[in-house]
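Peer 1: Next come a sequence and a model predicted from it.
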Number of protein chains: 2
Amino acid sequence: MYSIGKLAELSGVRPVTIRYYEKVGVMGSPERRENGYRCYSEGDLSRLAFIRHCRSHDLSIDDIKELLALSEAPESNCGAVNEIIDKQIGRLDELGKSIESLKSHLVDLRHRCSGAGPVAQCEIMKGLLAEDAPNAALCPMPKAKAPGKGKGG
Amino acid sequence: MYSIGKLAELSGVRPVTIRYYEKVGVMGSPERRENGYRCYSEGDLSRLAFIRHCRSHDLSIDDIKELLALSEAPESNCGAVNEIIDKQIGRLDELGKSIESLKSHLVDLRHRCSGAGPVAQCEIMKGLLAEDAPNAALCPMPKAKAPGKGKGG
DNA sequence: ATAAACCCTATAGCTACTCTAAGGTCAAGG
DNA sequence: CCTTGACCTTAGAGTAGCTATAGGGTTTAT
């Protein structure tokens, strides 16, 4: 039986994070000692390792919950597992493309400026005033409002 | 002079987001009409466009603040602009590599399972139990605790 | 007794927004 | 005049996946 500190040491995950995993429901509530301290088993350690490995593949906590639920029905068909992984591969694929396109646009912008002149003539600034990036799917962009009747200003 | 709704329509940024930009200090406080309504100028519109273009390159709000500050000293040298862009290119580059490596590892994992058998024999699940992704720099991973003296269990 | 190292809970912070609630303002229609 | 609807205002909570802080209890060594 491990204390949370021992589990942290063995797993490489900090106690705060383990408590967080418990709070959001991927780790389940461990037994408690008389003094209220959490008390973990070998099973908890491998569950935590599983979570970490999934997170290292950028799977969401919700996806991990699903995977863990599936692993608790070991006789069920693993098509659902494949679906989750395929979804994640697709997500990473889109993200990768988006980043590549952003990067090349930014590199292009960068080449237009030597860094020697004044900001007023900087081609980067001009570019940023005029151009959207070719692909803006990277981080949450504000949604455009549907054009309404518009009372005007 | 534009109302916030008109500015939203012209820029494609929703009123809530514009207020958010004001709150976090990239947009500055506009004038107000007698009734308290915000009142924007052409300058505000191009500032907002600039912010959007920067965000579409995934520049952070703080970076955008810096760029805007620089643009308000147009005679200053634009080396600082270049630095911000270079930093962003580097960030995107690392992110891109990280995603590629994650993806290929996940694809490899995926190929090990046909999706036909039971979860208990699923090679994906086995892989996730055993392996870290080769590169985990994508999303915030819990930091490992420095190994301490450890009171034990 | 006291310090150090561990444990507990609850709450706020991070990014870049989005959404909700509760209400004030303004123009048009009945 | 009153209502309807579109607009505007503020404040506060929610999103993901943690991290950090405050304020306190427990255990072990000195």
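Peer 2: Received, thanks. This structure is a prediction, so every number in the text was calculated from the model and none was measured.
Peer 1: only C-alpha atoms for contact and neighbour calcs from this point on.
Peer 2: OK.
Peer 1: how would you label the residue nearest the centre of chain A: helix, strand or coil?
Peer 2: Centroid check for chain A by CA atoms, centre = their mean gives A:D58 as the closest residue, at 5.1 Å. Classification of A:D58 by DSSP: H, G, I helix; E, B strand; the rest coil places it in coil.
Peer 1: ok, now A:D132?
Peer 2: Secondary structure for A:D132, judged by three-state DSSP, is coil.
Peer 1: Next up, the contacts around it.
Peer 2: By CA atoms under 8 Å, 6 or more residues apart in numbering or on different chains, the contact list for A:D132 reads B:R52, B:H53, B:C54, B:S56, B:H57.
Peer 1: same question, A:P134
Peer 2: Contacts for A:P134 were tallied using CA under 8 Å, 6+ apart; they are A:S101, A:L102, A:H105.
Peer 1: Does the last one touch A:A133 like I think?
Peer 2: Yes - counting by CA atoms under 8 Å, A:H105 does reach A:A133; the two are 6.7 Å apart.
Peer 1: of the two, who's got more company?
Peer 2: A:A133 (23 against 18; other CA atoms under 10 Å in any protein chain shown).
Peer 1: Domain-wise, how is chain A divided?
Peer 2: A:4-59, A:79-130 (automatic domain parsing).
Peer 1: Adding distance to B:Y2, write the ones you listed out as TSV.
Peer 2: As requested, those are arranged in TSV below (distance: least, CA to CA, whole Å):
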stretch	distance to B:Y2
domain A:4-59	43
domain A:79-130	20
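Peer 1: These: which one's closest to B:L7?
Peer 2: Between B:L7 and the domains of chain A, the tightest spacing by CA to CA is seen for domain A:79-130, at 16.6 Å.
Peer 1: State the mean pLDDT of that closest one.
Peer 2: For domain A:79-130, mean pLDDT rounds to 93.
Peer 1: Please apply the same query to stretch A:20-34.
Peer 2: Averaging pLDDT along stretch A:20-34 gives 95.
Peer 1: That one and DNA strand D in contact?
Peer 2: Yes - applying CA under 7 Å from any atom of the strand, one finds that stretch A:20-34 is in contact with DNA strand D at A:Y20, A:Y21.
Peer 1: now swap in stretch A:122-139 and tell me
Peer 2: No - applying CA under 7 Å from any atom of the strand, one finds stretch A:122-139 out of contact with DNA strand D, separated by at least 11.1 Å.
Peer 1: next one: stretch A:2-18
Peer 2: Yes - judged by CA under 7 Å from any atom of the strand, stretch A:2-18 and DNA strand D are in contact via A:R14, A:V16, A:T17.
Peer 1: A:L48: how many residues sit nearby?
Peer 2: By other CA under 10 Å, 22 other residues sit near A:L48.
Peer 1: My understanding was that it contacts A:E9; is that so?
Peer 2: No - contact criterion CA under 8 Å: A:L48 and A:E9 do not qualify, at 12.0 Å.
Peer 1: Which neighbours do these two have in common?
Peer 2: With CA under 8 Å, 6+ apart, A:L48 and A:E9 have no common neighbours.
Peer 1: How are the helices of chain A distributed by residue range?
Peer 2: Listed in chain order, the helices of chain A (DSSP state H) span A:4-11, A:15-23, A:42-56, A:61-71, A:79-111, A:123-130.
Peer 1: Tabulate the CA atom coordinates of the third one in CSV.
Peer 2: Provided in CSV are the C-alpha atoms of helix A:42-56 (Å, rounded to 0.1, in the frame of the first residue of the first chain):
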residue,chain,number,x,y,z
GLU,A,42,-0.4,-1.8,-7.4
GLY,A,43,-3.5,-1.6,-9.5
ASP,A,44,-3.7,2.2,-8.9
LEU,A,45,-0.1,2.5,-10.0
SER,A,46,-0.7,0.8,-13.3
ARG,A,47,-3.9,2.8,-13.8
LEU,A,48,-1.9,5.9,-13.3
ALA,A,49,0.8,4.8,-15.7
PHE,A,50,-1.9,4.1,-18.3
ILE,A,51,-3.3,7.6,-17.8
ARG,A,52,0.1,9.1,-18.2
HIS,A,53,0.9,7.1,-21.3
CYS,A,54,-2.4,8.2,-22.8
ARG,A,55,-1.8,11.8,-21.9
SER,A,56,1.6,11.7,-23.4
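Peer 1: For that helix, name the packing helices and strands.
Peer 2: Applying 3 or more CA pairs under 8 Å, 6 or more residues apart in numbering or on different chains; DSSP states H and E, we find helix A:42-56 packed against helix A:4-11, helix A:61-71, helix B:123-130.
Peer 1: For these, give me CSV that also has mean neighbour count and distance to B:E42.
Peer 2: Formatted as CSV, those follow (neighbours: other CA atoms under 10 Å in any protein chain shown; distance: least, CA to CA, whole Å):
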stretch, mean neighbour count, distance to B:E42
helix A:4-11, 20, 56
helix A:61-71, 17, 44
helix B:123-130, 19, 54
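Peer 1: Done for today, thanks.
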